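Peer 1: Show me the folded form of this:
(chains A and B)
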Amino acid sequence: MLAGRTAAQAVSPESRRIRRLPGRLAARLVRWVRRGGLSALIFMIPLLVVFGVFSWWPIARGLVMAFQQTNLVEPAQWVGLDNFRKVLADPLLMVAVRNTAWFALLALIFGYPAPLALAIFVRELRRGRGLFSVLAYLPVVLPPVVAILLWRVFYDASESGLFNTLARAVGLGPFQWLQDPRSAMPSIVLEATWAGAGATMIIYLAALSGVRSDLYEAAEIDGASIWQRIVHVTLPQLRTILLITLLLQIIGTFQVFTEPFLFTGGGPANATTTILMLLYNYAFINGDYGGATALSVLLAIFLGLLSLAYFRLTRGWSTT
Amino acid sequence: MTEERGLISAADRRRPLVRWTMAGGAVAVLALLVFAGLGPILWLAKAAISQPNDIVARPLELWPGSPQWHNIADAWSRLRVGSALINTVWVALGNWAVSVLVATTGGYALSILRPRYAKVVNGALLATLFIPGVISLVPLYLTILDVPIVGGSLINTYWAIWLPAGASAFNVLITGRFFAQLPAELFEAAKIDGVGTFRMFTRLVLPLSGPIIGVVSLLSIIAAWREYLWPKLVLPDRTKQPLSVMLPSIRDNVQINLFMAGLLISVVLPIVIFLLFQRYFIRGAGLTGGIKG
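Peer 2: Okay, the predicted model is just below:
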């Protein structure tokens, strides 16, 4: 901010400027401090240090490292697009992309309509809304690691496993759940949906309280049934928030790591290896930091575009 | 109850079909939520005091044949769940202190003091919101190994978790928006009375920002229980690991009932905190739907 002002004085002759500069700078500094510039900077310091070192700097460094080869011992070497070529040629990448997309699709099928229906119903209850919300939110409160370790017990593949016992009660099973390549991913998504649905429901409940009641009244006077009111009033009124949760869910599922890592370790036969697990293996198993950052840049570009859409939507949302 | 009408009107509610559907639906949904929301926790509590054989062979038994209350104490001391819980609490406290410090001072500087470069800083914060965290996972790890400028490694220190936890743009932005909504006349009046920037912060802003500090506190404390990958990477020392990292690592080597007792111990605090501060949780969840103050 000081630089801008000194540049404006370039009209004065060179020699005078140099002679007066220290004095002018000092005067400017004093004025800056008097006007609260220094105290503002002091309040800004924690933010600047923490974000500078642990957010902005790593992001910039990641963008650079994607084009370098480094083993942390010798100085890093520029390798151009080699890291990207190597990552894109990795046969596991396509497997991981397919698995991650499969996860995202299943998560939408399992987890997108149910919280909405639940929220619309709970909103219409005259009593006990709080109790319903608390019960729905309880799984969200459990630490993910604990929930996963608990569900691993539920998914016990033996005949006396909890879910197999329940399945037998309705004449099904026993299933191999996590050990079968076909059912491993749906099993993981089922747990993830259970763990996340409560939070989505709360978001919808908050949005539903903003739906204008005069619209319902007008629709009713026009003879719209309850179902028609849901389709023609509730859902259109929620469309922005519905799009936002859709985007948030996709962005979230493309970064899924803990669930497949702790449920199956990526198996059986790579059926649950996700993009982030591949990235983890690149960086922390093979020590290939260049390849890992190249992969994360690719993923970040994809997610960045989605987040951009999200950001645009939320900006519009707060004004409507 | 006198409240605004919703989707279903009072006239609808007088129709028997609607009334019975709502009543039946309420019972069914409640049963489903109890089964799915409360069920697993109750099952965990039962398994924690069962014998290993009962858990494996008869999972649907409602009450263990002979309750093994000592499982809890055994898990606490023999599996080191107690010390891991203390580590988790320590991580949570540090997360909390750093997050609240950064969010309140940063929010104050950005939204109330507003120096000229605030716009640039704001833009840089927003950018981190939609640049996904994935991109910085590896370089952040390397930064922890060798911190720029000051040098040295933060591996196996809790600072490696606390400091990155403070770099939450979401926390700073919701705090800033909250401050921006405080009445501007208050600050002008204080300025005219000659109240300095620091006293304005401690005497005026902080006392008014209880709700938002509550949300930021909860988000940062709960993160200590939820985080897995990051603490696993930066705390390889087993004696320093929080519950989320320690529990998966011992799973295959311990008796299942003691392990269940360990899981139970690790969910008690999050559930109690949730039940005590429900309103903040619900508000926080609503906020994640959109950055909206």
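
Peer 1: Contact partners for A:Ala224?
Peer 2: Taking C-beta atoms under 8 Å, 6 or more residues apart in numbering or on different chains as the definition of contact, the neighbours of A:Ala224 are A:232-233. In this view, the C-beta of every residue, glycine as well, is placed from N, C-alpha and C.

Peer 1: and it, helix, strand or coil?
Peer 2: Under DSSP: H, G, I helix; E, B strand; the rest coil, the three-state class of A:Ala224 is coil.

Peer 1: next one: phi and psi at it?
Peer 2: Note on A:Ala224: backbone dihedrals following degrees, to the nearest 10 are phi -80, psi 130.

Peer 1: How about the stretch 201-320 of chain A: which residue is closest to chain B?
Peer 2: Sorted by distance to chain B under C-beta to the nearest C-beta, the residues of the stretch 201-320 of chain A start with A:Ser307, at 3.4 Å.

Peer 1: wait, that residue sits on A:Phe254?
Peer 2: No: between A:Ser307 and A:Phe254 no contact is recorded; they are 10.9 Å apart, counting by C-beta atoms under 8 Å.

Peer 1: For the two, indicate the residue with more neighbours.
Peer 2: Neighbours were counted for A:Ser307 and for A:Phe254 using other C-beta atoms under 10 Å in any protein chain shown; A:Phe254 has more, 21 against 18.

Peer 1: Surely the more buried one touches A:Ala300?
Peer 2: No: with contact defined as C-beta under 8 Å, A:Phe254 does not reach A:Ala300; the gap is 10.3 Å.

Peer 1: mind checking how far the closest residue to A:Leu313 other than its chain neighbours is from B:Gln181?
Peer 2: Computed as C-beta to C-beta, 6 or more residues apart in numbering or on different chains, the closest residue to A:Leu313 that is not its neighbour in sequence is A:Ile244, at 5.4 Å. The span separating A:Ile244 from B:Gln181 equals 22 Å under the rule C-beta to C-beta, to the nearest Å.

Peer 1: Please apply the same query to A:Ser187.
Peer 2: When C-beta to C-beta is applied, the distance between A:Ser187 and B:Gln181 equals 45 Å.

Peer 1: Those two: which is more packed in?
Peer 2: The neighbour count for A:Ser187 versus B:Gln181, taken as other C-beta under 10 Å, is higher for A:Ser187 (24 against 11).

Peer 1: Now name the helix or strand holding the more buried one.
Peer 2: The secondary structure element spanning A:Ser187 is helix A:181-208 (assigned by DSSP states H and E).

Peer 1: which SSE is the residue nearest to A:Leu313 in?
Peer 2: Using DSSP H and E, the secondary-structure element containing A:Ile244 is helix A:239-253.

Peer 1: How much space separates B:Pro67 from chain A?
Peer 2: Applying C-beta to the nearest C-beta, to the nearest Å, the value for B:Pro67 to chain A is 19 Å.

Peer 1: Doesn't that residue belong to a helix?
Peer 2: No: with the criterion set as three-state DSSP, the secondary structure at B:Pro67 is coil rather than a helix.

Peer 1: number of nearby residues for it?
Peer 2: The number of residues packed around B:Pro67, counting by other C-beta under 10 Å, is 13.

Peer 1: who touches it in this structure?
Peer 2: For B:Pro67, the contacting residues are B:49-50, taking C-beta under 8 Å, 6+ apart as the criterion.

Peer 1: Kindly recompute the last result at 7 Å.
Peer 2: Taking C-beta atoms under 7 Å, 6 or more residues apart in numbering or on different chains as the definition of contact, the neighbours of B:Pro67 are B:Ile49.

Peer 1: Also B:Trp76?
Peer 2: With contact taken as C-beta under 7 Å, 6+ apart, B:Trp76 is in contact with B:82, B:265.

Peer 1: repeat for B:Gly123
Peer 2: Residues counted as contacts of B:Gly123 (C-beta under 7 Å, 6+ apart): none.

Peer 1: same question for the host helix or strand of it, mean pLDDT?
Peer 2: Secondary-structure element containing B:Gly123, defined by DSSP H and E: helix B:118-130. Averaging pLDDT along helix B:118-130 yields 88.

Peer 1: centre of the chain versus it, how much separation?
Peer 2: Averaging C-alpha coordinates over helix B:118-130 and over its chain gives two centres that are 23 Å apart (C-alpha atoms, centre = their mean, to the nearest Å).

Peer 1: Over to stretch B:211-222?
Peer 2: What separates the centre of stretch B:211-222 from the centre of its chain is 8 Å, taken as C-alpha atoms, centre = their mean.

Peer 1: Using PDB, write out the CA atom coordinates for it.
Peer 2: Taking Å, rounded to 0.1, in the frame of the first residue of the first chain, the C-alpha atoms of stretch B:211-222 are listed here in PDB:
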ATOM      1  CA  PRO B 211     -23.000 -17.900  19.000                       C
ATOM      2  CA  ILE B 212     -20.400 -17.800  16.300                       C
ATOM      3  CA  ILE B 213     -17.500 -18.800  18.600                       C
ATOM      4  CA  GLY B 214     -19.800 -21.600  19.700                       C
ATOM      5  CA  VAL B 215     -20.100 -22.900  16.200                       C
ATOM      6  CA  VAL B 216     -16.400 -22.500  15.400                       C
ATOM      7  CA  SER B 217     -15.500 -24.200  18.700                       C
ATOM      8  CA  LEU B 218     -17.700 -27.200  18.100                       C
ATOM      9  CA  LEU B 219     -16.500 -27.700  14.500                       C
ATOM     10  CA  SER B 220     -12.900 -27.600  15.500                       C
ATOM     11  CA  ILE B 221     -13.300 -29.800  18.600                       C
ATOM     12  CA  ILE B 222     -15.300 -32.400  16.800                       C
END
